[in-house]
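A.B. asks: Got a sequence here, can you model it:
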Amino acid sequence: MIAAILLAFIVTPVQASEPQADDIIVRAVRHKCQVRIADRILSDPEFNAHAKEWAQGKPVRVIAPAHADYKCLAKIAFRLNDKGVRLIYFVDPADAAK
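C.D. replies: Now for the predicted structure:
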């Protein structure tokens, strides 16, 4: 069921004409989901500030490591959705540099 929910958020790849996407990494640590951007863990207020930009159309790419916790990915996807973010790209780490 969680996989079906995550698949509902997957959209086509970022087009060249779109603004540069922010890359975030979601990681489960001690029963908590961390969101990292630029090698820095985002606090809740920072996450909310970025979510406002993403809700206004700035793309966000979720880089999901091979060992990613699907519950954390779903939790962050729902949290982004609650903030009005509608464009979420789930990216394999091997494709993240492209």
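
A.B. asks: C-alpha only now, for contacts and for neighbours.
C.D. replies: Noted.

A.B. asks: any low-confidence regions in this structure?
C.D. replies: For the chain, residues meeting the criterion pLDDT under 70 lie at 1-19, 94-98.

A.B. asks: again, only this time at 80
C.D. replies: 1-32, 64-69, 92-98 (pLDDT under 80).

A.B. asks: ok but Ile25 is inside a helix, no?
C.D. replies: No - per DSSP: H, G, I helix; E, B strand; the rest coil, Ile25 lies outside any helix segment and is strand.

A.B. asks: residue contacts, it?
C.D. replies: Ile25 is in contact with Gln34, Val35, Arg36, Ile37, Val62, Ile63, Ala64, Pro65, counting by CA atoms under 8 Å, 6 or more residues apart in numbering.

A.B. asks: Run through the helices of this protein in chain order.
C.D. replies: Ranges of helices in the chain, per DSSP state H, are 2-9, 44-55, 70-82.

A.B. asks: got the CA positions of the longest one in PDB?
C.D. replies: Taking C-alpha atoms only, helix 70-82 is exported to PDB below (Å, rounded to 0.1, in the frame of the first residue of the first chain):
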ATOM      1  CA  TYR A  70       9.700   3.500   2.700                       C
ATOM      2  CA  LYS A  71       7.700   4.600   5.700                       C
ATOM      3  CA  CYS A  72      10.000   7.700   6.000                       C
ATOM      4  CA  LEU A  73       9.600   8.400   2.300                       C
ATOM      5  CA  ALA A  74       5.800   8.200   2.600                       C
ATOM      6  CA  LYS A  75       5.800  10.300   5.700                       C
ATOM      7  CA  ILE A  76       7.800  13.100   4.000                       C
ATOM      8  CA  ALA A  77       5.700  12.800   0.900                       C
ATOM      9  CA  PHE A  78       2.500  13.300   2.900                       C
ATOM     10  CA  ARG A  79       4.100  16.100   4.900                       C
ATOM     11  CA  LEU A  80       5.100  17.900   1.700                       C
ATOM     12  CA  ASN A  81       1.600  17.300   0.300                       C
ATOM     13  CA  ASP A  82       0.100  18.800   3.500                       C
END
